[in-house]
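Student: need a structure here:
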Amino acid sequence: MPIKRFRIGHYLKTSLWTIPLLFILGGVAISLITTSIDDGTLIPESVTGDANAAMQILYLIAFAMLTMTGLVLSLVVVVVQLAMGVFSPRIVRQILQDRPSQCAIGLFAGTFAHSILSMRSVKTTADGGTVPGLAVVVAMVLVLGCIGTLVWYLNHIGQSLRTAALVGWVARGTMKTLDHVYPDPGTETDLDPELIVTPSAGVMFAVDHKKLVTLAGRAGCQLELLWAVGDYIPTGSALFRIVGDQGALSRPGVVRAVAIGPERTMNQDVAYGLRMLVDIAIRSLSSGPFEDPTTAVQAIDRIHDILRQVSRRPLHSGHYDDDGGTLRLTVPTMLWDGYVRLGFDEIRIAGSGSPQVARRLRLALDDLMEVTPADRQQPLKYQRELLDGSARAAASSKADGKAALVPDASGIGSAADLVTAPHEDRR
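Tutor: So this is what the prediction gives:
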């Protein structure tokens, strides 16, 4: 019997139709109740209109709800198709179990059921007829709720297409199963009292440096943030190390000064913008250097521009002092070498076999070397050496290898070996 109950419960839990059916039954019940307790005199016609107007209202609501139900079902199908093609076919079950989708479908279908059944109680006669005013008012309230739900659901389904949301669904389900199968959390490791742990997992996407400096200054200590912005922090991991007196430090206040969420953002994370541009470039080269090199070049254009703006700017040391000049906070901060490697490493490896990509990378590196201070030249020189070697190795002849190393702003199109107009100093 327990296995039979489990199978029935599992079937109902993983079926898309269960919750919508309950909403439909609820809509039928509301229609029957409202039409039975209202004989046409409970709500004045100034609110509902005459019989013809009420019939038209209920008809339009029913038609609109049928359309909205179809829209939501279509969106669910689109999400399933995208998830299967981009992520994994095995993630479909998680999407079909999405409660907001089931509730949205159910609300629209339930409102349709209520409206279509309420129409039978509208009686049209020569002297005006009978209007189930309560049923009409309830239908109006439901349709307003449906409009708000539709707007909310469009945002929900858009957010659900994010990689972080789909991964989060699977992770939360796995953790729930883990707690069920292995309920004993085990013996916790005794942490150093100088460490402050994070109560929840997530990506660190913002840090209130000013607040942390203030808290450390009041306590007379120094804080060391152990993770960089953009890092994923597991539950219970050490988040800060306290250097000095820790007795007066507000640990909850320190934890609240760090924003942790489901995915990286560009609030304080310049590297994440570069990361996304690099992802676009290497995705266009995923099947080989000749799959879509033009898209890769367009991404390199933007990476080149961003690194050019970064190249002369003083980068933060990661040290934050209080008003008295005492060091109170240290945080991991990406160096210039890190930005260069992030911007070029993967694109160079994936696309150096394409003359278009190699030539555009060479122009970007040459241009950056012209505008970058001397103490930041080495990472660029190293990248250029690696590019030259990989481009020559990928070329089918010495001539192709030589051509692939000509700097070209268009990849293949505006270099000195292809145009007649003289190139002006681009600095």
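Student: Double-check that residue 240 belongs to a strand.
Tutor: Yes. Counting by DSSP: H, G, I helix; E, B strand; the rest coil, residue 240 is found in a strand.
Student: For it, which residues are in contact?
Tutor: 195, 196, 223, 224, 225, 226, 254 (Cβ atoms under 8 Å, 6 or more residues apart in numbering). Using the backbone N, CA and C atoms, a C-beta is placed for each residue, glycine as well.
Student: Retrieve the pLDDT associated with the residue nearest to the spatial centre of the chain.
Tutor: Against the mean C-alpha coordinate of the chain, by Cα atoms, centre = their mean, the closest residue is residue 162 at 4.3 Å. Note for residue 162: predicted pLDDT of 79.
Student: And for residue 94?
Tutor: On the pLDDT scale, residue 94 gets 68.
Student: ok, now residue 214?
Tutor: Reported pLDDT for residue 214: 94.
Student: ok so, going back, my guess is the residue nearest to the centre of the chain contacts residue 263. True?
Tutor: Yes. Residue 162 is within contact range of residue 263, at 6.7 Å (criterion: Cβ atoms under 8 Å).
Student: what comes up buried for the helix or strand hosting residue 19?
Tutor: Following DSSP states H and E, the helix or strand that holds residue 19 is helix 18-37. The neighbour-count criterion (16 or more other Cβ atoms under 10 Å) identifies 19, 20, 23, 24, 26, 27, 30, 31, 34, 35 as the buried residues of helix 18-37.
Student: Name all residues that make contact with the third one.
Tutor: In this case it means residue 23. Taking Cβ under 8 Å, 6+ apart, we find residue 23 in contact with 103, 105, 106, 107, 109, 110.
Student: ok, and the closest non-adjacent residue to it?
Tutor: In space, not counting the residues next to it along the chain, residue 23 is nearest to residue 106; the distance is 2.9 Å by Cβ to Cβ, 6 or more residues apart in numbering.
Student: From the contact counts, what lies against the longest helix anywhere in the chain?
Tutor: For the chain, the helix with the greatest residue count under DSSP state H is helix 51-86. Contact analysis of helix 51-86 by 3 or more Cβ pairs under 8 Å, 6 or more residues apart in numbering; DSSP states H and E lists helix 92-96, helix 99-118, helix 133-160 as its packing neighbours.
Student: ok, back up a step: of the contacts of residue 240, which is the nearest to residue 209?
Tutor: Nearest to residue 209 among those is residue 225, at 9.2 Å by Cβ to Cβ.
Student: Quick one: the strands in the protein, in order.
Tutor: 195-197, 202-207, 221-225, 232-233, 238-244, 258-261, 319-321, 327-330 (DSSP state E).
Student: closest one to residue 131 among those strands?
Tutor: When the strands of the chain are compared by Cβ to Cβ, strand 258-261 sits nearest residue 131, at 50.7 Å.
Student: Give the pairing partners of that closest one; include direction for each.
Tutor: Strands adjacent to strand 258-261 in the sheet, as given by DSSP bridges, are strand 202-207 (antiparallel).
Student: Could I get the buried residue list for the strand it pairs with?
Tutor: Neighbour-count burial for strand 202-207 [16+ other Cβ under 10 Å]: 202, 203, 204, 205, 207.
Student: Over to stretch 97-104?
Tutor: Buried residues in stretch 97-104, defined by neighbour count with 16+ other Cβ under 10 Å: 98, 101, 102, 103, 104.
Student: which non-adjacent residue is nearest the second one?
Tutor: Across the structure, with Cβ to Cβ, 6+ apart as the measure, the residue nearest residue 101 apart from its sequence neighbours is residue 76 (5.4 Å).
Student: got the contact list for that neighbour?
Tutor: Going by Cβ under 8 Å, 6+ apart, residue 76 touches 16, 95, 96, 98, 101, 105, 157.
Student: at 10 Å what do you get?
Tutor: Listed by Cβ atoms under 10 Å, 6 or more residues apart in numbering, the contact partners of residue 76 are 16, 95, 96, 98, 101, 102, 104, 105, 157, 160.
Student: I'd like to know how far the residue nearest to residue 15 when sequence neighbours are not counted sits from residue 296.
Tutor: Among residues not flanking residue 15 along the chain, residue 96 sits closest, at 7.8 Å (Cβ to Cβ, 6+ apart). Residue 96 is 36 Å from residue 296, where distance means Cβ to Cβ, to the nearest Å.
Student: which one of the contacts of residue 23 is nearest residue 353?
Tutor: Relative to residue 353, the closest of those is residue 105; by Cβ to Cβ it sits at 48.6 Å.
Student: In space, what's closest to that closest one - neighbours in sequence excluded?
Tutor: Nearest residue to residue 105, sequence neighbours excluded (Cβ to Cβ, 6+ apart): residue 20, at 4.6 Å.
Student: State the distance from the nearest residue to residue 323 once chain neighbours are set aside to residue 258.
Tutor: The spatial neighbour of residue 323 that comes closest, neighbours along the chain excluded (Cβ to Cβ, 6+ apart), is residue 217 at 8.0 Å. Separation of residue 217 from residue 258 (Cβ to Cβ): 17 Å.
Student: picking that back up, show me the contacts for the residue nearest to residue 105.
Tutor: Counting by Cβ under 10 Å, 6+ apart, residue 20 has contacts 69, 72-73, 101-110.
Student: Just the closest of the buried residues of helix 18-37 to residue 336, please.
Tutor: Of all the buried residues of helix 18-37, residue 19 has the smallest distance to residue 336: 53.6 Å, by Cβ to Cβ.
Student: Next, format the contacts of residue 23 as CSV and append distance to residue 83 and pLDDT.
Tutor: Output for these, formatted as CSV (distance: Cβ to Cβ, whole Å; pLDDT from 0 to 100):
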residue, distance to residue 83, pLDDT
103, 20, 89
105, 18, 90
106, 22, 92
107, 23, 93
109, 24, 93
110, 27, 94
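Student: Need the pLDDT of residue 14.
Tutor: 68.
Student: neighbours of the nearest residue to residue 98 once chain neighbours are set aside, just the number please.
Tutor: Leaving aside its chain neighbours, residue 98 sits nearest to residue 160 (7.0 Å; criterion: Cβ to Cβ, 6+ apart). Neighbour count for residue 160, taken as other Cβ atoms under 10 Å: 22.
Student: now swap in residue 381 and tell me
Tutor: For residue 381, the count of nearby residues is 11 (other Cβ under 10 Å).
Student: Then residue 164?
Tutor: The local packing of residue 164 (other Cβ under 10 Å) involves 15 other residues.
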